[in-house]
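>>> how would this look folded up:
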Amino acid sequence: MERAVFSSVADLERVRGERVGSSAWLTVTQELIDDFARVTGDHQWIHVDPERARRESPLGTTIAHGFLTLSLLSKLIGECVRMEGTLMSLNYGFDRVRFVSPVPVNAQIRGTFFLDDVRPTDDGGAQVTWRAEVELRDAPKPALAALWLSRVVFR
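Got it, this is the predicted structure:
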């Protein structure tokens, strides 16, 4: 998979408004869900009790935490985008996050990223707004839609 490479604010500005790329498909396993539950302390049964979810959930299975899906954005964009020659690149926050559809265990997801905006900063970098979607394979709606802000400073 080819990644978009950015080594300057001008590189970012050239693709403003464009689709940058999509990651590979990732299977969201019960092990991944359980690991996330252990780290965050969120052990709600809909995520970690397959037997109860089979019996009581309208989906008939466990689902990934919304925040697990959100946290996977870093991995997914890393497959699509590479920043070269940076002093730093940081998450700056989100202007909007929506958990559109649940992610059932063993579903496949991928991230698709659009570079919505680039605002140069005084330190030689930029604030970048990514429009991010986490798609569910063979589903009509995404699992997640977000406007994700990052800050990057180039050397």
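>>> residue boundaries of the strands in the protein?
In the chain, the strands defined using DSSP state E lie at 4-6, 18-22, 26-27, 81-83, 86-99, 108-120, 125-136, 144-154.
>>> Could you list every helix and strand in contact with the fourth one?
Under the contact criterion of 3 or more C-beta pairs under 8 Å, 6 or more residues apart in numbering; DSSP states H and E, the helices and strands touching strand 81-83 comprise strand 4-6. Heads up, the C-betas are built off the backbone N, CA and C, glycines and all.
>>> Report the buried residues of the strand it packs on.
4, 6 (16 or more other C-beta atoms under 10 Å).
>>> Which neighbours in the sheet does that strand have, and how are they oriented?
The pairing partners recorded for strand 4-6 under DSSP bridges are strand 81-83 (parallel).
>>> about what we covered before: can you tell me which of the strands of the chain is packed in deepest?
strand 125-136 (a mean of 21; mean count of other C-beta atoms under 10 Å).
>>> ok, back up a step: can you redo the strands of the chain as a markdown table with distance to Leu68 and mean pLDDT?
Below are the strands of the chain laid out as a markdown table (distance: least, C-beta to C-beta, whole Å; pLDDT from 0 to 100):
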| stretch | distance to Leu68 | mean pLDDT |
| --- | --- | --- |
| strand 4-6 | 25 | 95 |
| strand 18-22 | 19 | 96 |
| strand 26-27 | 11 | 98 |
| strand 81-83 | 21 | 95 |
| strand 86-99 | 11 | 96 |
| strand 108-120 | 10 | 97 |
| strand 125-136 | 10 | 97 |
| strand 144-154 | 10 | 97 |
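>>> Between these, which one is closest to Ala64.
For Ala64, the closest of the strands of the chain is strand 108-120, at 8.4 Å, according to C-beta to C-beta.
>>> so how far is that closest one off the chain centroid?
Distance, stretch centre to chain centre, for strand 108-120: 9 Å (C-alpha atoms, centre = their mean, to the nearest Å).
>>> Tabulate the CA atom coordinates of that strand in CSV.
Extracted C-alpha coordinates of strand 108-120, given in CSV (Å, rounded to 0.1, in the frame of the first residue of the first chain):
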residue,chain,number,x,y,z
GLN,A,108,-13.4,-5.7,9.2
ILE,A,109,-12.7,-2.0,9.3
ARG,A,110,-10.5,0.4,7.5
GLY,A,111,-9.8,4.1,7.7
THR,A,112,-10.3,6.5,4.8
PHE,A,113,-8.8,10.0,5.2
PHE,A,114,-9.4,13.3,3.4
LEU,A,115,-7.3,16.4,4.1
ASP,A,116,-10.0,19.0,4.7
ASP,A,117,-8.0,22.0,5.8
VAL,A,118,-4.4,23.2,6.4
ARG,A,119,-3.7,26.3,8.5
PRO,A,120,-0.1,27.4,8.7
